[in-house]
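Enquirer: I would like the atomic coordinates for the input below:
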Amino acid sequence: MKRVALCVLPALVVGSALAHPVDEVVQGAYLTLAPGKVALELNVTPGAEVAGAVLKGLDPNGDGKVTDGEARRYARTVLSQSTLKVDGKGAAWTLDRVQVPPVRVLRLGGGILKIYASAKRADRLGTRTLFYKNRYQPARTQRTANVFLQPSGNWQFQVAAQTRTDDGRALTVTYTQRRS
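Expert: Numbers count the residues shown, from 1 in each chain. Next up is the predicted model:
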């Protein structure tokens, strides 16, 4: 029984280590089209070797604690390095909230920082476009962006096409908006 446990434990450790690169920041942008707005959940996951680059912006005084004010300043800085356009016109992000794991967890590469924001957009019938670009790069970075649809009331959305840049930095979505 002990031999089985000793063989399984290294496999589990190696498997979890391969699940997240230690020398990169992984960013996942989840954009949700909803009536009157675009919602963003941006997950920032620093690997252990590059966590210090993220922590410089998140915990500028280096005391190992992130205050609400520090978290919000950091989130605004990250959001200022992204672009959102709806039908070719820029849309400004409004920071909704930030979730920050303990600094000690981030240093180990085990925490996910979550930034929630939203931007207003007009509801109009027809074919529309959404463009998102993330330029935040505190260290070597992997990015991905995805779009989700949240129909509500009479409004329905359907994705017609999506294109992403090879580096995952930008996403363009063509969608139709209609009333049901």
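
Enquirer: When you work out contacts or count neighbours from here on, use the C-alpha atoms and nothing else.
Expert: Will do.

Enquirer: how about the strands in this structure?
Expert: 25-34, 37-46, 82-86, 89-90, 94-99, 113-120, 126-134, 141-149, 155-164, 170-179 (DSSP state E).

Enquirer: ok, the shortest one: who's next to it in the sheet?
Expert: Yep, that's strand 89-90 we're talking about. strand 82-86 (antiparallel) (DSSP bridges).

Enquirer: swap in the fifth one?
Expert: Sheet pairing here is set by DSSP bridges, and for strand 94-99 it gives strand 113-120 (antiparallel).

Enquirer: Pick the most deeply packed of the strands of the chain.
Expert: strand 37-46 (a mean of 22; mean count of other CA atoms under 10 Å).

Enquirer: That strand packs against which elements?
Expert: Packing partners of strand 37-46 (3 or more CA pairs under 8 Å, 6 or more residues apart in numbering; DSSP states H and E): strand 25-34, strand 113-120.

Enquirer: and it, average pLDDT?
Expert: What strand 37-46 shows for mean pLDDT is 97.

Enquirer: Tell me where the model's unsure across the chain.
Expert: 1-20 (pLDDT under 70).

Enquirer: and residue 82, what are its bridge partners?
Expert: Beta-bridge partners, per DSSP bridges, of residue 82: residue 134.

Enquirer: Select, out of the helices and strands packed on strand 37-46, the one closest to residue 137.
Expert: Residue 137 sits nearest to strand 25-34 of all those, at 7.9 Å, using CA to CA.

Enquirer: what's the spacing between the closest one and its chain's center?
Expert: On the basis of CA atoms, centre = their mean, to the nearest Å, strand 25-34 sits 4 Å off its chain's mean C-alpha point.

Enquirer: again with stretch 144-160
Expert: 18 Å.

Enquirer: Would you mind measuring the gap between the ends of it?
Expert: 19 Å (CA to CA, to the nearest Å).

Enquirer: ok, now which ones touch the most centrally placed residue in the chain?
Expert: What sits nearest the mean C-alpha location of the chain, by CA atoms, centre = their mean, is residue 42, with 2.0 Å. Residue 42 sits next to 27, 28, 29, 30, 114, 115, 116 when contact means CA atoms under 8 Å, 6 or more residues apart in numbering.

Enquirer: partners of the fourth one in the sheet?
Expert: If I follow you right, that is residue 30. Residues in beta-bridge contact with residue 30 (DSSP bridges): residue 41, residue 146.

Enquirer: I'd say it and residue 143 touch.
Expert: No. Judged on CA atoms under 8 Å, residue 30 makes no contact with residue 143 at a distance of 11.1 Å.

Enquirer: so residue 122 touches residue 38, yeah?
Expert: No. Using CA under 8 Å, residue 122 is not in contact with residue 38; the gap is 10.1 Å.

Enquirer: The strands of the chain into JSON lines, with extra columns for distance to residue 52?
Expert: Formatted as JSON lines, the strands of the chain follow (distance: least, CA to CA, whole Å):
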{"stretch": "strand 25-34", "distance to residue 52": "11"}
{"stretch": "strand 37-46", "distance to residue 52": "9"}
{"stretch": "strand 82-86", "distance to residue 52": "22"}
{"stretch": "strand 89-90", "distance to residue 52": "32"}
{"stretch": "strand 94-99", "distance to residue 52": "18"}
{"stretch": "strand 113-120", "distance to residue 52": "14"}
{"stretch": "strand 126-134", "distance to residue 52": "20"}
{"stretch": "strand 141-149", "distance to residue 52": "14"}
{"stretch": "strand 155-164", "distance to residue 52": "29"}
{"stretch": "strand 170-179", "distance to residue 52": "25"}
